[in-house]
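Participant: Structure, please.
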Amino acid sequence: MIVVDHRHTRDPTSAWKPFVPKRPRSWGFEAAMVCALVACTIPLAWTSPLVELDIWIRDLSDTHRPDWAEQVVIYTNMLGQGGALGSIALALAAIIAWRRHTVRPLIAFLTTYAMAGSVLLLKFGLLRVYPHWPTVENPPYATAEQATLFTTLEPAGAYPSGHVLNTIVWYGFIVLLVGAHFKPWQRRLFLIVPPIVVTLSTTYLGFHWFTDTPAGLFIGFLIIRIVKRVRWETVELPVWLEPEKRYL
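Facilitator: Below is the predicted model of the structure:
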């Protein structure tokens, strides 16, 4: 008589699988994002028309920002708070990991977190002051000559916009975790509205230069596309991360 030990068997239908309706195939989009990022970055190294545009948009926003509008936009800008979004993503990944008895959602989270955090290398390498440099309370603010990259002024870390990057990476990652529970129109709103709102609000408030925001978008798209390419449900992991392998 054959005795089957069910203690270490797993129902294959309960295995976690990320929600990726259409996995990216071509690397053309990623290449386009890199080219767009380079094309956006290079003219910011001197007082180019792009830098002059940043100054004009900042000054226009500053002169057309009543108190009530500022308060409303400050709240909408919170849609790009990386700490809050990352915490929500971590909580969802932990719940799924606990329910499905697998560390794979947490591995996906940590990888995404590391990639999103790598934007700090660009911020500290390219060094750009913020639109309301040196302080919000004391104009005049940064001139075109001061608003270029590679400044020696402090604090500097405006380029690229981390808030905008967060709206692409973390909302995209949350959909990767629980997108199967959304309707198609809900997923579209969830993925489209936050980047648009945060792009407009962070520029209108002068938290970032206008050109900081597309750079955040380009990097965000690049990261989330790479995350979607990984087959997290089957990627090889060490045995100590998947104890069930010991019983196969």
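Participant: any idea how far V193 is from L53?
Facilitator: Remark: distance between L53 and V193 (Cβ to Cβ, to the nearest Å) = 25 Å. All C-beta spots, glycine's among them, are computed from the backbone N, C-alpha and C.
Participant: Just the buried residues of stretch 104-111, please?
Facilitator: By neighbour count with 16 or more other Cβ atoms under 10 Å, stretch 104-111 contains the buried residues R104, P105, L106, I107, A108, F109, T111.
Participant: can you redo these as a markdown table with pLDDT, secondary structure and distance to I223?
Facilitator: Output for the buried residues of stretch 104-111, formatted as a markdown table (pLDDT from 0 to 100; DSSP: H, G, I helix; E, B strand; the rest coil; distance: Cβ to Cβ, whole Å):
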| residue | pLDDT | secondary structure | distance to I223 |
| --- | --- | --- | --- |
| R104 | 94 | helix | 18 |
| P105 | 96 | helix | 17 |
| L106 | 96 | helix | 18 |
| I107 | 95 | helix | 16 |
| A108 | 96 | helix | 12 |
| F109 | 97 | helix | 13 |
| T111 | 96 | helix | 10 |
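Participant: H132: which of the residues you listed is nearest?
Facilitator: F109 (33.7 Å; Cβ to Cβ).
Participant: which residues does the closest one contact?
Facilitator: Residues in contact with F109 (Cβ atoms under 8 Å, 6 or more residues apart in numbering) are A89, L90, A93, F173.
Participant: Wait, the third one touches T102, no?
Facilitator: No - applying Cβ atoms under 8 Å, one finds A93 not in contact with T102, separated by 10.6 Å.
Participant: of those two, who's got more company?
Facilitator: A93 (26 against 21; other Cβ atoms under 10 Å).
Participant: Assign that one to helix, strand or coil.
Facilitator: Using DSSP: H, G, I helix; E, B strand; the rest coil, the structure places A93 in helix.
Participant: Could you measure from it over to A84?
Facilitator: Distance of A93 to A84, given as Cβ to Cβ: 15 Å.
Participant: cool, and W27?
Facilitator: 32 Å.
Participant: helix or strand for the residue at minimal distance from the centre of the chain, which one?
Facilitator: For the chain, the residue nearest the mean C-alpha position is N166 (2.7 Å; Cα atoms, centre = their mean). Counting by DSSP states H and E, the element that carries N166 is helix 162-178.
Participant: Need the contact partners of the following helix or strand past that helix.
Facilitator: Of the helices and strands lying after helix 162-178 in sequence (DSSP H and E), the nearest is helix 184-204. Contacts to helix 184-204, defined as Cβ under 8 Å, 6+ apart, come from residues 57, 61, 65, 73-74, 76-77, 79-80, 161, 163-164, 166-168, 171-172, 174-175, 179, 182, 208-210, 212-213, 217, 220.
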